[in-house]
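# Okay, here's the prediction I keep looking at, along with the sequence it came from:
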Amino acid sequence: MKFGADAVYFSAIILIAYLCSEYISYRRRATYSAPNGCKPPPAIQQSKWLIGADMAFRFMALLKQRKFLTQTSLYFQDTARTFTIQFFGATRIWTIEPENVKAILQSDDFEMGWIRNKAFRPYLGNGVQATNGEVWAHGRALLRPSFSRAQISNLDLYEEHFQNFAALIPEDGSTIDIQKEFHRLTLDVSTEILFGESVQCLQPVVSKETQELEAAFDYATKGVITRFNMGNLIWLHWDPKFTRSVRTVQNYVQKFVEKALLLRHELDQPDKEDDQTGGGRYIFLEALAKDTGDRRMLRDQLLSMMAAGRSNTASLLSLIFYLLARHPSVLQKLRAEIAILNNQPPTFEQLKSMPYLRAVLDESKSSPPPLLPRDNLTSPLHPQHYKKLTNPNRAALRTHPSAPVNERAAKRDTTLPLGGGADGRAPIYVRKGQTVFYHTYALHRSAELWGDDAAEFRPERWAELRNGSPRKGGSAGTGAGTAWRFVPFGGGGRICPGRESFFSASFFFDFVRSFQICIFLRFFMSSFFWGFSFFGWLWAWRLFFF
């Protein structure tokens, strides 16, 4: 009987605490909303008694079916550009309203959520992808000087690694898993830039250390995503292999940190860009080591750059080759633009002078591929052929940005400018700690913002938008709001520092050189598997279970 009475008292205390919390939240919302003209946004219809568990299970089912991005995009078509979802008792705000995206990314009222930081911390430590506030600002300030144009215009080292990549392309037109080779190419390039020494993944004989590093890198990345997906249950994550993989990658980076600090101590070199070792080559770590001797800071920032430089670039290369293989008219236009190089490696200035190449890049980040022709058994994209091309677990049926859904948490009580009320024009109250998602995948495919052809892969739209020409059913390409309908690199203070850096230079160079080879492998290109990489799917999984 005593146990039963204690249980009743405990339950009553829990209930009272919950009701008090709800009342305080109500009063805060009412006090803040009234003077700011805030109104609630529409809400997705859910069971009143399951506190959002129904949506959590629906999301898990969609992820398992690989329909999450397409199906959640429909919520914006059926409801509004901004709405709320109940998720295990918490109210999440979802939006594709450009003005709201601008507020989220530019305002100091928002920061990365604690679960993202906790998920990334064991792997990336205090890297810029895993921190907020002063720690993030210090890391960003440390990295910024190393992203100068002077360091990214030298493309000679890219050619060396590309030749290793080209040697793997079969001359008889037989099929290879080019995604896998693109991942190896970008790992070789990124380690050469960052550390001054490549892991040499593309060599005919790969060392045991390199094989272990590549496997550990992949598993550690997967582990981070698993931790993120666990959300509030992240404290239950326990995976000894993840811990070992993280240690392997961190130890690899640490040995270069020690070498750079030793060199700095021995030479006492001044803070000049020209004083790099390695025959005048620019080495990111050595430049970074001039500004700090903090071993942990150097290691964590390098890990962040290594992770970003490898996976996203390789995924995008695979994706664009797929799209070109399925859009021959675009391929022909791009071929004509690149033909002026006469099959020679491009210079940095030549890459900058190719507007259609840039349009293809931008369009590939915002448009989905055509549907799989399931009724055509002779199609090279039919599943019976697909099995020969790549592991099904590493492919996806649709194109999306590397971070198709992203989030921020409110640092204090604040507002979003649009989405409230029946007409969606009133501000929305956002309480301190509340999570706001912006759905980049849906934002880049909104017919309201991009026109009726938003789902089509059509690079020509970018020239039209620059001229302010509206597409049928959509808005023109001018105005503050429309500037925030395309955010593949994020925006504001946390915009990707590598968007115009050597990683972008690496992408353009590797793509152009690969494209030059594939001009003579036309049949191989037409047989290219539909694709996005294993890492692209990991990033698609990472953002939804808090």
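Arrived safely.
# Would you map the strands across the stretch 51-200 of the chain?
82-87, 90-95, 110-111 (DSSP state E, counting those that start in this stretch).
# which outside residues touch the last one?
The reference is to strand 110-111. Outside strand 110-111, the residues within contact range by CB atoms under 8 Å, 6 or more residues apart in numbering are 103-104, 132-133, 408-411, 414, 436. All C-beta spots, glycine's among them, are computed from the backbone N, C-alpha and C.
# any chance of the strands of the stretch 51-200 of the chain in TSV, with mean pLDDT, mean neighbour count and distance to Trp49 too?
Compiled in TSV, the strands of the stretch 51-200 of the chain are given as follows (pLDDT from 0 to 100; neighbours: other CB atoms under 10 Å; distance: least, CB to CB, whole Å):
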stretch	mean pLDDT	mean neighbour count	distance to Trp49
strand 82-87	91	21	11
strand 90-95	91	21	16
strand 110-111	92	22	32
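# who wins for proximity to Gly52 among those strands?
Of all the strands of the stretch 51-200 of the chain, strand 82-87 sits nearest to Gly52, with 3.5 Å by CB to CB.
# Now do that closest one: everything it contacts.
By CB under 8 Å, 6+ apart, strand 82-87 touches 40-44, 46, 51-52, 55-56, 75-76, 91-97, 100, 416, 418-419, 424, 428, 546.
# And that strand, how far out from the chain middle?
Computed by CA atoms, centre = their mean, to the nearest Å, the chain-centroid distance of strand 82-87 equals 23 Å.
# and the angle from it to strand 90-95?
150 degrees (axes from the mean of the first three to the mean of the last three CA atoms, to 10 degrees).
# Restrict strand 82-87 to CA atoms and write it as CSV.
The C-alpha trace of strand 82-87 is given here as CSV (Å, rounded to 0.1, in the frame of the first residue of the first chain):
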residue,chain,number,x,y,z
THR,A,82,5.4,27.7,-42.3
PHE,A,83,3.7,25.4,-39.8
THR,A,84,4.2,23.6,-36.5
ILE,A,85,4.6,19.9,-35.7
GLN,A,86,4.2,18.2,-32.4
PHE,A,87,7.2,15.8,-31.8
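# Which helix or which strand is home to the residue nearest to Leu316 when sequence neighbours are not counted?
Residue nearest to Leu316 in three dimensions, not counting chain neighbours: Phe507, with 6.3 Å by CB to CB, 6 or more residues apart in numbering. For Phe507, the element it lies in under DSSP states H and E is helix 502-518.
# now, which of the contacts of strand 110-111 lie within helices?
103-104, 133 (DSSP state H).
# Return the member of those nearest to Tyr322.
Ile104 (30.9 Å).
# Just confirm the closest one contacts Thr415, I think it does.
No: the pair Ile104 / Thr415 is not scored as a contact, 11.3 Å apart, by CB atoms under 8 Å.
# Looking at the two, which is more packed in?
Neighbour count, other CB atoms under 10 Å: between Ile104 and Thr415, Ile104 has more, with 28 against 22.
# give the contact list for the more buried one.
95, 110, 408, 416, 436, 438.
# quick one: the helices in the stretch 1-150 of the chain?
2-36, 53-65, 68-78, 98-106, 114-124, 133-143, 149-152 (DSSP state H, counting those that start in this stretch).
# can you map out the helices along the stretch 151-300 of the chain?
Going by DSSP H, counting those that start in this stretch, the stretch 151-300 of the chain shows helices at 156-166, 178-195, 208-229, 240-267, 284-289, 295-326.
# quick revisit: tell me which of the helices of the stretch 1-150 of the chain sits nearest to Pro328.
Once the helices of the stretch 1-150 of the chain are compared by CB to CB, helix 68-78 is nearest, at 25.4 Å.
# and Gly259, how many neighbours?
Careful, residue 259 is Lys; it's not Gly. Lys259 has 16 neighbours, counted by other CB under 10 Å.
# gap between it and His161?
21 Å (CB to CB, to the nearest Å).
# okay, and the helix or strand of the protein with the least pLDDT?
Using mean pLDDT, DSSP states H and E, the weakest-scoring helix or strand in the chain turns out to be helix 383-389, at a mean of 31.
# Low-confidence stretches in the stretch 101-250 of the chain?
144-154, 173, 232 (pLDDT under 70).
# Report pLDDT for Phe437.
Looking at Phe437, its pLDDT reads 92.
# try Val253
Looking at Val253, the pLDDT reads 91.
# what do you get for Arg264?
Reported pLDDT for Arg264: 75.
# Ignoring the adjacent residues along the chain, who's closest to it?
Nearest residue to Arg264 in three dimensions, chain neighbours excluded: Ala289, at 5.1 Å (CB to CB, 6+ apart).
# Can you get me a residue count around the nearest residue to Trp94 once chain neighbours are set aside?
Among residues not flanking Trp94 along the chain, Phe437 sits closest, at 4.8 Å (CB to CB, 6+ apart). Phe437 has 21 neighbours, counted by other CB under 10 Å.
# How about the one 5 residues further on?
Neighbours of Ala442 under the rule other CB under 10 Å: 23.
# just Cys38 next, same as before
20.
# Does it touch Arg431 like I think?
No: counting by CB under 8 Å, Arg431 is not a contact partner of Cys38; they are 10.9 Å apart.
# Report the separation between Arg81 and Leu105.
The value you get for Arg81 to Leu105, if CB to CB is used, is 16 Å.
# who has more neighbours, the two?
Remark: of Arg81 and Leu105, Arg81 carries more neighbours, 24 against 19, as counted by other CB under 10 Å.
# how far away is the closest residue to that one other than its chain neighbours from Trp235?
Excluding its sequence neighbours, the residue lying closest to Arg81 (CB to CB, 6+ apart) is Glu97, at 4.3 Å. Separation of Glu97 from Trp235 (CB to CB): 34 Å.
# quick one: which of these two has more around it?
Taking other CB under 10 Å, Glu97 and Trp235 do not tie; Glu97 has more neighbours (27 against 9).
# beta partners for Ala410?
Phe110 (DSSP bridges).
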